[in-house]
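Undergrad: Predicted model, plus sequence, below.
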Amino acid sequence: MNARAQPLGDVLCISSIDWDFIWQGHQEIMSTLAADGYRVLFLENTGVRPPRLRDLPRLRQRIRNRLRGTGGFREERPGLFVLSPIVVPLPYSRVARWLNRWLLLRSIRRWMRATGFNRPVVWTFLPTPLAHDLIERIDPALTIYYCIDDLASSSPEARRIVESETAMFRRADLVFVTSEKLRARAAAVSARVHLFPFGVRYESFEAEREAPRRPPADLAALKRPIVGYVGGLHQWIDQELVAGTAARLPDASFAFVGPPQCDLATLEACPNVTLLGARPHGEVPRYVREFDVGIVPYRLSEYTANVYPTKLNEYLAMGIPVVASDLPEIRRFNAEHGDVVAVASDADRFASAIRASMNGAAPATVDRRIAVASSNSWRSRIAEMLGLIGASAAQKAAREERWDKRLRRAYRRARRRTAEAVLAVVATYVLLFQTPLVWWLAVPLQVSDPPRAADCIVVFAGGVGESGQAGGGYQERVKQAVELYRAGYAAHLVFSSGFVFAFPEAQIMRGLAVDNGVPADAIELETRAANTRDNVVFSRQILESHGWRRALLVSSPYHMRRAILTWRRLAPDIDVAATPVGLSQFYAHGRGASLEQIRGLLQEYAAIVMYRWRGWL
C-alpha cells in the first residue's frame, strides 16, 4: 500500500483509549498511517462515563504522560504525536463540556499553528458531545467515525451516549464498524457505513512462525497442553465458564496473558489457571505460538453481542485451533470463512471442543487458519479504508470548492467564536455578581470561636482596610472589641496599627473606645505594625510584658484565617480565640459580590499564599 497516493492529509485521532493501553486497532491504524508518511495527532481518551475509584491508576498515568511532553504533547514516533489531556471527567455536564472544549481547542490550535497541521481529517473512536464540539470547531477536511463497541451498554453511566452517537452516525462522512449489529444500527441513520472488523498485524505472526522457537520462560514452566488467552482480563470474560472448563481439564494449563481490569478471584482460585499479566505487544506472537489452543470465553450480553474479538485472527495467524463462546460475530466469522472456529455454549461443550482440537490437525487445516488470518490483516484493512477515504474526500472537496461556501464557513467560525467569547463574559458576570459563588469560595477564610474569658482583647486594624479607603475598617472592629469588653470577657484592650493618615490610627481607635466607656488605662497601643505579621509580632511583645497568656482576637471576618494562622505560627505560646466582626459593612451582600469585594477576597487569598511562601504561616 502506498498511503501517499491517497489524499488523506494530516489526521487528528480522537481515541477511546490511551496510547499506552492494550495495543488495539487505534494504535495499529495510526502508527501505520504515520509510518506511511502522514502526520497524526493522537488525542487520548476523554471518557464516556464519570471516573471510578479503580480509574485512579489511569489518572496517575495520564498525569505522568502529560509531564513527559510539552504542554501535554509528545512525539511517540516519527510523524505520530500524542496529546495527554487533563479534562473535567464529567462527559455529559454542560459546564464541564464547555470548559473541556475551551481547554482542548486552545491546546490543539496552538499545536496546529506551531506544526503547520492544517485542516486535518478527524478520525474519531468517540461519539461523545465533546468529540462533536471538537469536530465542529476544527472544521475537518473529512470526518470518520470508527464505531468499535456498543459504548452505551458498556456501563450504566455510558447509556447517555446514545443520542450523541446517533448524531455522529449522521455527521460523519464515513462510518466504519466492527460488527454486523453495529453496522445495522448505524445504517438506520447513515448511508455511508462500512464493515471493518479489527485486523491482525499478520507480518509479526508470520515472522514468529518462521523463526526458531523461543518459548517465554513463564509459559515454558507450565505443563502442556496449554490453553491460552491474550487480551485484557475484563468484566466480559466468563470466569465461571473458564473455571468449569478448567475443572473438566485438570491435566491442561490455562494461561491468561493480559492486564487485569476487574476482580479475577474466580480465575485465581483455579489450580490450573495462571494469570501472567500484561506483556508488551511485540511479545504476543511468541506467547500465542506456545498455545495448543486459543480461547475466547466471553459472557453473552448486550455488549458482547456487538463485539468482534480481535484475538481470533491472532490465534489463527499462528495456525492454532480456536474455541469461542457462541457470540453473533463468531457465527458471522464462521459463515464468512467456513467453520474455522469451534463454538461452545457451556463448560461441558467448551471442554469437549478443547479436547477435540488437541488431537492435532492436518497441514491443510493449519494452512486454512493462516490464510483466514492473512485475509484479515491490518495492511489489507487499512488499504481498503484509505480507498474509501480518498473517494469520499474527493467528493467532499468537489462540493466545497466554491469560494462563497468557504467564505460563509469562515464567517460562521468567526460568529461562533464571538458568541463563545460573549457567552464566557456573560457567564463569568452572572457567576461572580449574580450568584453566591464568590461567598461560597470565600467561606474557608472565615474562622470564628465562641468568646471566652481572656486576659486581653487584641484588635488588628491597619491601613485602608477592605474598603480601599483610609479608616475603612477600624470602626467596626473597635465596636466589636468594646462589646466584648462590656460583656466582661477581658479587662484590657490592645489596638494594633501602624497606619497614619491625618492621625495615627491606633490613637483614633483608643479615643473611640474611651468615648464608648472603656477606661483609658485599660487600653494599650501598638503603633509600629505595617502588616499582619507585624501585628502579631509587636502585639505579642506587649502581651508578654504583662504576662498575658490568653487573648481574644478581633479583625474583619475574611481576614481572620490569615490572622489566626500567623498568630499560631509566630506566637504559639499565647492562646488566642478568633472573635471577628460579626456584621461587616464592607462585606454586606445579597446573592452576588461587588468588584471591590471580589478584589478584597482575592487579595486575602494571595496574601495567604505569600505568607506561606515566606514561612509566616
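TA: Alright, I've got the coordinates. Numbering: from 1, shown residues only.
Undergrad: could you measure the residue nearest to residue 222 when sequence neighbours are not counted against residue 274, distance?
TA: The shortest distance from residue 222 to any residue other than its chain neighbours is 4.1 Å, reached at residue 253 (CB to CB, 6 or more residues apart in numbering). (Glycine included, C-beta is placed from N, CA and C.) Using CB to CB, to the nearest Å, we find residue 253 at a distance of 7 Å from residue 274.
Undergrad: go on, residue 391?
TA: 49 Å.
Undergrad: Which one's more surrounded, the two?
TA: Legend: neighbour count by other CB atoms under 10 Å for residue 391 and residue 274, higher for residue 274 (19 against 13).
Undergrad: ok, then the element right after the longest helix seen in the chain?
TA: In terms of residue count, the longest helix belonging to the chain (DSSP state H) is helix 403-433. As assigned by DSSP states H and E, the chain's next helix or strand after helix 403-433 is helix 437-442.
Undergrad: what about the residue nearest to residue 222, distance to residue 288?
TA: 15 Å.
Undergrad: next one: residue 529
TA: In terms of CB to CB, residue 529 sits 76 Å off from residue 288.
Undergrad: got it, and residue 535?
TA: Distance from residue 535 to residue 288, by CB to CB: 74 Å.
Undergrad: Please say which of these two ends up with more neighbours.
TA: Neighbour comparison, residue 535 and residue 288: the larger count goes to residue 535, with 28 against 24 (by other CB under 10 Å).
Undergrad: Counting by contacts, list what the helix or strand encompassing that one packs against.
TA: When elements are assigned from DSSP H and E, residue 535 belongs to helix 532-546. If contacts are counted by 3 or more CB pairs under 8 Å, 6 or more residues apart in numbering; DSSP states H and E, helix 532-546 sits against strand 456-460, strand 493-496, strand 523-526, helix 560-570, helix 595-614.
Undergrad: on contacts alone, who are the packing partners of the first one?
TA: When contacts are defined as 3+ CB pairs under 8 Å, 6+ apart, strand 456-460 packs onto helix 474-486, strand 493-496, helix 532-546, strand 550-554.
Undergrad: I'd like the distance from the helix holding residue 535 to the chain centre, please.
TA: 49 Å (CA atoms, centre = their mean, to the nearest Å).
Undergrad: quick revisit: mind checking the helices and strands packed on helix 532-546 for the one nearest to residue 116?
TA: helix 595-614 (39.9 Å; CB to CB).
Undergrad: Run through who's touching the closest one.
TA: With CB atoms under 8 Å, 6 or more residues apart in numbering as the contact definition, helix 595-614 has outside contacts at 432, 438, 441-442, 445, 466-468, 532-533, 558-559, 561-562, 565-566, 586-587, 589, 593, 617.
Undergrad: Pull out the buried residues from these.
TA: Buried members of those, counted by 16 or more other CB atoms under 10 Å: 432, 438, 442, 445, 466-467, 532-533, 558-559, 561-562, 565-566, 586-587, 593, 617.
Undergrad: How many neighbouring residues does the closest residue to residue 516 other than its chain neighbours have?
TA: Excluding the flanking residues, the one nearest residue 516 by CB to CB, 6+ apart is residue 482, at 4.8 Å. Residues near residue 482, counting by other CB under 10 Å, number 21.
Undergrad: Go ahead and confirm residue 482 touches residue 518.
TA: Yes: judged on CB atoms under 8 Å, residue 482 makes contact with residue 518 at a distance of 6.0 Å.
Undergrad: in the stretch 151-300 of the chain, which spans are helices?
TA: For the stretch 151-300 of the chain, applying DSSP state H, counting those that start in this stretch gives helices covering 162-171, 180-187, 202-210, 217-220, 239-248, 265-268, 284-289.
Undergrad: Ok, the stretch 1-150 of the chain next?
TA: Counting by DSSP H, counting those that start in this stretch, the helices of the stretch 1-150 of the chain are 25-35, 56-68, 94-115, 129-138.
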